[in-house]
Structure formats: C-alpha cells, structure tokens
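Student: Sequence first, then the predicted structure, then my questions.
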Amino acid sequence: MDVEALKEEAGVAACAYVKSGMNVGLGTGSTVKYTILELGRRVREERLEIVGVPTSLATRDLAMEVGIPLADLDELEGLDVVIDGTDEFDPQFQLIKGGGAALLREKVVAQSSASMVVVADGRKQVDTLGAFPLPIEVTPFSYNTTKRAIEKLLGCKVAMRLSNEALLTTDNGNYIVDAHTGPTLTNPEETERRLLNLAGVVQVGLFNNMCDVVVLASSEGVSILEKGD
Ligand code: 5RP
C-alpha cells in the first residue's frame, strides 16, 4: 500500500471522533488534510454540524474551500477535540511536530482541546524521539544568537529552515530552526523546559502529555492506539 493511501485511511478513520455539536481543532499537514476533506463532505452531505478552528492559514483555506464553518479560538469556550498529524510519536505518546511549520498554533489549539487525536502512518512510530529534526520557532530579532544557544544547549547541529532559498517565515512572522539531535530525546519534558528557558525561543515542537489517541494506518489496516494501552 502506498503512503498516500495510508494517510487517507488514517485521516478518514479519525473522523469517527467528531460528532455534531462539537468544536473541532483542525490540524495541519498532508495526513490531516484527508480528515478535513472528509469532515467537509459530512458537513455538506450529512448535515454534520461542527465549528472548526484551523491551526494554520493553509488549513483555514482548505477548510473554507470544503465548507467547514470556522471560528477564531478566542471566540469559543474551548474545543472538544483536535485532530492533527505528527512527525514522530513515542511509546508514551509524546510527539515531535512542526514539520509543516505550524507548531505554535497547533500547540495552542491542542492545549485548548479536551482531547487530541493524532493521525499517522507507521513511519511516524518510534522508540525514542529525535530522528526527525526537532522544529523550534524562534523570534527573528535574535535568531542567530538563539540558534547558537540551542546548539550549545542540545550539543547538536541546528539549521535554519528555508523556503525557496529564503528563511521560512511562519504564519506568526517568526522563523523555524531544526535541531538534529538524532534519536536521543529520552526526556522530552526536560528538553522542552530547557529550550523554553531561552528567551528567543517562541515555541518548541515537543508536544508532551497532549495526545490521547493515535489513529495509525499500516498495510494491516487502521489501528486505534490509546494512551496507556
Ligand atoms: C505541521 C505538523 C504536521 O502535523 C506534521 O508535520 C505531520 O505532517 P504530515 O501529515 O504531512 O506528515 O506538525 O506543523
């Protein structure tokens, strides 16, 4: 089975967690795109009544295109569920996110949600986080100083993220650096805490103690992994 088909299976299966009346966080990326397409179809064809809160401008545009009613996070009293992709998840359901540069809004939305459902294919499941370079959002004001401080703190190479040969700018007007730690992040809570101590760091792509369920697609089909299983 090709990876795109697995992404679609996971993305569509996760829609089972969405019911009429819910406020739903809409994640960012090529897997959750299938969730958004399917939720849009259900809104149009099955009278599903939801309000979506997008985690990026790209997701906002897609959700509007497929007809999902949207609101700003600040207009709502909180969200029932967020469905989002991930770059890696470990056995404790700690995540690395931010491959699509949307980590700040994704984390704010996840923290505002009663539960978090992650959609993934088998490539994302790891024993120890860090083979995927850790995305960190930094303020443009001091990005080189902050990059050097992160290199010192983590003891690894840190690269500025580029887009079309220029520094990538996030939806929030910041930059992203990617820390090449290798699969060494055995204590992601401590790593997150230490990085957030650096004033130039806006947010870290470690999502600790947020994910409740992983909808995992593999060649054997879709499995639902629940935290603590
Ligand atoms: C965006 C993200 C994405 O959810 C993550 O990169 C996974 O994306 P994909 O489903 O395309 O592999 O964190 O910031």
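Tutor: Yep, it's here. Numbers count the residues shown, from 1 in each chain.

Student: Every contact and neighbour count from this point should use C-alpha atoms.
Tutor: Will do.

Student: now the helices for the chain?
Tutor: Ranges of helices in the chain, per DSSP state H, are 3-13, 32-46, 57-66, 103-111, 143-154, 188-196.

Student: what about Val82, neighbour count?
Tutor: 28 (other Cα atoms under 10 Å).

Student: do you know how far it is from the ligand?
Tutor: Between Val82 and the ligand the computed distance is 11 Å (Cα to the nearest ligand atom, to the nearest Å).

Student: next one: Phe141
Tutor: Using Cα to the nearest ligand atom, one gets 22 Å for the distance from Phe141 to the ligand.

Student: Ok, Lys19 next?
Tutor: Taken as Cα to the nearest ligand atom, the span from Lys19 to the ligand is 22 Å.

Student: wait, isn't that residue in contact with Leu48?
Tutor: Yes: using Cα atoms under 8 Å, Lys19 is in contact with Leu48, at 7.3 Å.

Student: Could you export stretch 106-125 as PDB, keeping only the C-alpha atoms?
Tutor: Backbone C-alpha positions of stretch 106-125 (Å, rounded to 0.1, in the frame of the first residue of the first chain) are rendered in PDB as follows:
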ATOM      1  CA  GLU A 106      -1.000  23.600  16.700                       C
ATOM      2  CA  LYS A 107       0.100  23.600  20.300                       C
ATOM      3  CA  VAL A 108      -2.200  26.400  21.400                       C
ATOM      4  CA  VAL A 109      -5.100  24.600  19.800                       C
ATOM      5  CA  ALA A 110      -4.100  21.300  21.400                       C
ATOM      6  CA  GLN A 111      -3.800  22.800  24.800                       C
ATOM      7  CA  SER A 112      -7.300  24.200  24.400                       C
ATOM      8  CA  SER A 113      -8.800  20.900  23.400                       C
ATOM      9  CA  ALA A 114     -10.400  18.300  25.800                       C
ATOM     10  CA  SER A 115      -8.700  15.600  23.700                       C
ATOM     11  CA  MET A 116      -6.100  15.200  21.000                       C
ATOM     12  CA  VAL A 117      -6.400  12.600  18.200                       C
ATOM     13  CA  VAL A 118      -3.300  12.100  16.100                       C
ATOM     14  CA  VAL A 119      -3.400  10.600  12.600                       C
ATOM     15  CA  ALA A 120      -0.300   8.800  11.400                       C
ATOM     16  CA  ASP A 121       1.200   6.100   9.200                       C
ATOM     17  CA  GLY A 122       3.700   3.600  10.600                       C
ATOM     18  CA  ARG A 123       6.700   5.600   9.600                       C
ATOM     19  CA  LYS A 124       5.900   8.000  12.500                       C
ATOM     20  CA  GLN A 125       6.100   5.400  15.300                       C
END
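
Student: Alright, that wraps it up for me.
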